[in-house]
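Engineer: build me a model from this:
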Amino acid sequence: MRRLLFVTVFLSCLLGGSLMAQTAEDNAEKPLSLSVDLMSRYVWRGTDFGASPSIQPGVSYSLKGFTLGAWGAFTTNNPGVQEVDLYLSYSIKDMFSITVTDYFFPNEVTPANNYFFYGDTTGHVLEGSISFDGTEKIPFTLLLATNFYGADAKRIKADGTEGNIQFSTYAELGYTYKNLSAFIGFNLTNPDTDKGETGYYGNGFGVVNLGITGSKDIKITDKFSLPVSVSLITNPQAEKIYLVAGISL
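Structural biologist: Numbers count the residues shown, from 1 in each chain. Okay, here's the model as predicted:
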């Protein structure tokens, strides 16, 4: 596992990565992609991380359908919630994507949270996902993602001790029309609360991420426009609501 991690980090430094989707033609012409998003809040799959504005840089390199990348989120409150992710994705005919993501939350308060530690108490979460990315004729997207290693929620054994991870699973359906995108996300894992289990996305089966995003390019000069987005996001299971604004540089 450590050897694989070192290879991934090394390649990421050489190649980079981003979560921004690209067509095969764009990747061939501009394989390296850089991005910086400035968000009023970092809300991911219905959960607010940090209760603070978030700076989200990304870098990626794409070649022959593969994209290797790194993405981060850094809150402006201290110490706040920080995140650094590595991922490897493969696109099939610009319609389907298979992705493995290594999520990691640096902890400046607890130095023991070592990035290169992959033992039982690791701070990493490894996720595998498959998605349908939509087409011009089919403006729907579908994502299915499962945690398969690391700091996922744990099952509780009969004797009350922690067992294996729950393999927490999330599914999301999206629809895009012009500059509007609607989405609904589901927690597909059902923890046994009677045993003291907690969920990674929520306390049971159900909708944890529901909302709509509007986007617009604001013209600054004849040659430069600033992409702006606003999202209304609710988590019905947690009874939360967020209004998030962001700009992309």
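
Engineer: what bridges to residue 216?
Structural biologist: residue 228 (DSSP bridges).

Engineer: correct me, but it touches residue 178?
Structural biologist: No: using Cβ atoms under 8 Å, residue 216 makes no contact with residue 178, being 10.5 Å away. Using the backbone N, CA and C atoms, a C-beta is placed for each residue, glycine as well.

Engineer: which of these two has more neighbours?
Structural biologist: The neighbour comparison of residue 216 against residue 178 (other Cβ atoms under 10 Å) goes to residue 216, with 12 against 8.

Engineer: can you pull the contacts of the more buried one?
Structural biologist: Shown in contact with residue 216 (Cβ atoms under 8 Å, 6 or more residues apart in numbering): 179, 227, 228, 229.

Engineer: just residue 85 next, same as before
Structural biologist: 70, 71, 72, 101, 102, 103, 104.

Engineer: would you indicate which residues of the helix or strand containing residue 174 are buried?
Structural biologist: Here residue 174 sits within strand 169-177, counting by DSSP states H and E. Counting neighbours by 16 or more other Cβ atoms under 10 Å, one finds that the buried residues in strand 169-177 are 169, 170, 172, 174.

Engineer: so the last one touches residue 182, yeah?
Structural biologist: Yes: the pair residue 174 and residue 182 qualifies as a contact (Cβ under 8 Å) at a distance of 6.9 Å.

Engineer: ok, back up a step: between the contacts of residue 85, which is closest to residue 146?
Structural biologist: Residue 146 lies nearest to residue 101 out of the contacts of residue 85, by Cβ to Cβ, at 11.0 Å.

Engineer: would that closest one count as being in a helix?
Structural biologist: No: under DSSP: H, G, I helix; E, B strand; the rest coil, residue 101 sits outside any helix and is assigned strand.

Engineer: which residue, other than its chain neighbours, is closest to it?
Structural biologist: Nearest residue to residue 101, sequence neighbours excluded (Cβ to Cβ, 6 or more residues apart in numbering): residue 87, at 4.2 Å.

Engineer: mind listing the helices for the protein?
Structural biologist: Under the criterion DSSP state H, helices of the chain are mapped to 2-15, 24-29.

Engineer: least confident of the ones you listed, on average?
Structural biologist: Lowest mean pLDDT within the helices of the chain: helix 2-15, a mean of 39.

Engineer: okay, the residue lying farthest from the centre of the chain: pLDDT?
Structural biologist: Here the chain reaches farthest from its C-alpha mean at residue 159, the gap being 34.5 Å by Cα atoms, centre = their mean. Residue 159 carries a pLDDT value of 91.

Engineer: in ChimeraX, select just the buried ones from the contacts of residue 216.
Structural biologist: In ChimeraX, this line selects whichever of those come out buried by 16+ other Cβ under 10 Å:
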select :229
